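Enquirer: here are the coordinates; sequence isn't available:
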DNA sequence: GTCCTACATTAACATAGGTAAGGTCGCTGC
DNA sequence: GCAGCGACCTTACCTATGTTAATGTAGGAC
């Protein structure tokens, strides 16, 4: 049993036994499975639950009228989709499975209960929300300022480090289920150029990517070409500071 | 007295007299002024307050090691910068004034007080946070999929509609203090191309932009070239649904 | 074993948008 | 009055990346 959410939240704060049990319970409650490529929720629907990804990769995406598709975010194991979404009337984007995924639905009631009885979890979930926002901002920088090579390198660094935080890497390798088409839809470039760019990274021995497995022999080197600064992931434990009354 | 925050939040929910007084009090409490181009908070600093923009325009931005700068978001009158930021150890980006601005600092204590006594405000502030996140996502789509003309048109539509929600437009015009350099840093394009693109929009009578004033004679037409869908701004009042016990 | 599909790869060519350089205009300061 | 500056506009040229389309390859269905 992997419990990537607990693993990730502990990068931010220490959780009590009761906290962890609560999280396990939540994650076990309403589990749904989706096939690869299936939509978990679609633009226009009314959001009723917070989704927690237990296993597999998913993504947020938006499609323009003329069919162009942009992947807006990736959800990796342990990621939550939008605390508080139920405030909104309808989804302005879709969430789709990339691989087969297992998702837990967290109802408004379960969420409120958790927020009331578990201040540490509450705090940790806000942290996770702020980090998700920071990632989205960094993607803006990525698309706006970096060229294709930097952009690709940056994405690979980010995904690898996030997978590491969730306990989904071994040494310098991880599963990597994205197709070149999906990479293109993420980075705003054509599949042809994705291919060229990956070749270039391979050629410089910055990555090994084969059979849906990514290996990054020298993460620092890849970060250097990406102008990657991990500060936006806020993975340093010092980040926490609870009020005395929350102890 | 304009009170753009109240004006904006009322696009989402109805506020009681007490709610409004609370918001006025908060906005009047710790007011600071900044000159155009001055930083309100800088990357690396520890965030201690939530900033509320009362007057003027500001922006979030990030700078890469080699000097490239990306504007990540605009803060218009009535906008809040990051509920809950104080959870994080340090800022991963900077916030800077574009025009001279007046900003209210909201302390953690004031924020907590407001959250406890005013469920409607709480709800409305989460709505504003979710909208800010939706805007950031739309910028990702903008940078990833739209070409220069669509991108520029999209940004202008968004800014105009947001200004309208805050009560900062008159008819089809608004103040527009951004330089072409800043537009370039926002849209990930060179100033030369910003200029070309603006010329093109002017040539098609989609915009009039002169002396820091923007006029959009036909918003729908501009939305059409931008492939602009305003759903992500969630400005429809129906969006609200409070629990009975919050009434 | 053959067919089918999804994905990766490559090449040849086209273009959106970047770079560099310079010019105009209207302020501000002195 | 004029030097200096910031915003803006323009032109000529160049390059990163897109487009189209052909080819390769591996796995699944039967």
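Expert: That came in fine, so what should we check first? Treat the numbers as computed from the prediction; the structure is a model and nothing was measured.

Enquirer: Quick check: closest non-adjacent residue to the residue in chain A that DNA strand D sits nearest to.
Expert: Residue nearest to DNA strand D within chain A: residue A:193 (3.0 Å; CB to the nearest atom of the strand). Just so you know, the C-beta spots here come from the backbone N, C-alpha and C atoms, and that holds for glycine as well. Excluding its sequence neighbours, the residue lying closest to residue A:193 (CB to CB, 6 or more residues apart in numbering or on different chains) is residue A:148, at 5.8 Å.

Enquirer: quick one: that neighbour and residue A:187 touch, right?
Expert: Yes: shown here, residue A:148 and residue A:187 form a contact pair, counting by CB atoms under 8 Å, at 7.3 Å.

Enquirer: Neighbour count for the two, which is higher?
Expert: Each of residue A:148 and residue A:187 has its neighbours counted (other CB atoms under 10 Å in any protein chain shown); residue A:187 has more, 23 against 16.

Enquirer: Next up, the contacts around that one.
Expert: Residue A:187 makes contacts with A:142, A:143, A:148, A:151, A:152, A:155, A:194, B:144, as judged by CB atoms under 8 Å, 6 or more residues apart in numbering or on different chains.

Enquirer: Can you report how many residues lie near residue A:197?
Expert: A count of neighbours around residue A:197, defined by other CB under 10 Å, yields 22.

Enquirer: So it versus residue B:14, what's the distance?
Expert: 51 Å (CB to CB, to the nearest Å).

Enquirer: Then residue A:32?
Expert: Using CB to CB, one obtains 36 Å as the distance from residue A:32 to residue B:14.

Enquirer: same deal with residue A:188?
Expert: Taking CB to CB as the criterion, residue A:188 is separated from residue B:14 by 40 Å.

Enquirer: What of residue A:77?
Expert: When distance is defined by CB to CB, residue A:77 is 41 Å away from residue B:14.

Enquirer: Show me where chain A has its helices.
Expert: Chain-ordered helices for chain A, with DSSP state H as the definition, fall at A:4-9, A:17-29, A:108-117, A:119-145, A:148-165, A:180-187, A:191-203, A:219-226.

Enquirer: Excluding residues flanking it in the chain, which one is nearest residue A:22?
Expert: Closest residue in space to residue A:22, ignoring its immediate chain neighbours: residue A:118 at 5.7 Å, by CB to CB, 6+ apart.

Enquirer: That should have said residue A:126, apologies.
Expert: That would be residue B:84: by CB to CB, 6+ apart, it lies 4.9 Å from residue A:126.

Enquirer: How confident was the prediction at that neighbour?
Expert: We note a pLDDT of 90 for residue B:84 in this prediction.

Enquirer: and it, what does it touch?
Expert: When the contact criterion is CB under 8 Å, 6+ apart, the partners of residue B:84 are A:126, A:129, A:130, B:50.

Enquirer: Also within reach of DNA strand C: list those from the residues you listed.
Expert: Restricting those to those touching DNA strand C (CB under 7 Å from any atom of the strand) yields no residues.

Enquirer: quick revisit: where does the residue nearest to residue A:193 sit relative to chain B, distance-wise?
Expert: 12 Å (CB to the nearest CB, to the nearest Å).

Enquirer: who touches the helix or strand of chain A with the lowest mean pLDDT?
Expert: Within chain A, no helix or strand scores below helix A:108-117, which has a mean of 91 by mean pLDDT, DSSP states H and E. Contacts of helix A:108-117 with the rest of the structure, by CB under 8 Å, 6+ apart, involve A:22, A:26, A:29, A:48, A:49, A:50, A:83, A:86, A:121, A:122, A:125.

Enquirer: looking at it, the last one is touching residue A:79, isn't it?
Expert: No: between residue A:125 and residue A:79 no contact is recorded; they are 11.6 Å apart, counting by CB under 8 Å.

Enquirer: so what's in contact with these two at the same time?
Expert: Residues touching both residue A:125 and residue A:79 by CB under 8 Å, 6+ apart: none at all.

Enquirer: Pull the contacting residues for residue A:141.
Expert: B:62, B:64, B:70, B:72.

Enquirer: likewise residue A:169?
Expert: Contacts were defined as CB under 8 Å, 6+ apart; by that measure residue A:169 touches A:160, A:163.

Enquirer: quick revisit: residues touching the residue nearest to residue A:193, list them.
Expert: By CB under 8 Å, 6+ apart, the contact list for residue A:148 reads A:187, A:189, A:193, A:196, A:197.

Enquirer: I figured the third one hits residue A:183, correct?
Expert: No: judged on CB under 8 Å, residue A:193 makes no contact with residue A:183 at a distance of 9.9 Å.

Enquirer: Kindly provide the distance from the closest residue to residue A:122 other than its chain neighbours to residue B:204.
Expert: Leaving aside its sequence neighbours, residue A:122 sits nearest to residue A:115 (CB to CB, 6+ apart; 4.9 Å). Separation of residue A:115 from residue B:204 (CB to CB): 50 Å.

Enquirer: ok, now residue A:63?
Expert: Where residue B:204 is concerned, residue A:63 sits at a distance of 26 Å (CB to CB).

Enquirer: what do you get for residue A:223?
Expert: Residue A:223 sits at a distance of 44 Å from residue B:204 (criterion: CB to CB).

Enquirer: What of residue A:60?
Expert: As judged by CB to CB, residue A:60 and residue B:204 stand 33 Å apart.

Enquirer: between the two, who's got more neighbours?
Expert: Remark: of residue A:60 and residue B:204, residue A:60 carries more neighbours, 22 against 13, as counted by other CB under 10 Å.

Enquirer: doesn't residue A:75 make contact with the more buried one?
Expert: Yes: between residue A:60 and residue A:75 there is a contact at 7.3 Å, judged by CB under 8 Å.

Enquirer: any residues in contact with both of the two?
Expert: A shared contact of residue A:60 and residue A:75, defined by CB under 8 Å, 6+ apart, is any residue touching both; here these are A:81, A:95.

Enquirer: of residue A:188 and residue B:14, who's got more company?
Expert: With other CB under 10 Å as the criterion, residue A:188 and residue B:14 differ in neighbour count, and residue A:188 comes out ahead with 24 against 12.

Enquirer: Enumerate every residue touching the more buried one.
Expert: By CB under 8 Å, 6+ apart, residue A:188 lies in contact with A:70, A:143, B:143, B:144, B:145.
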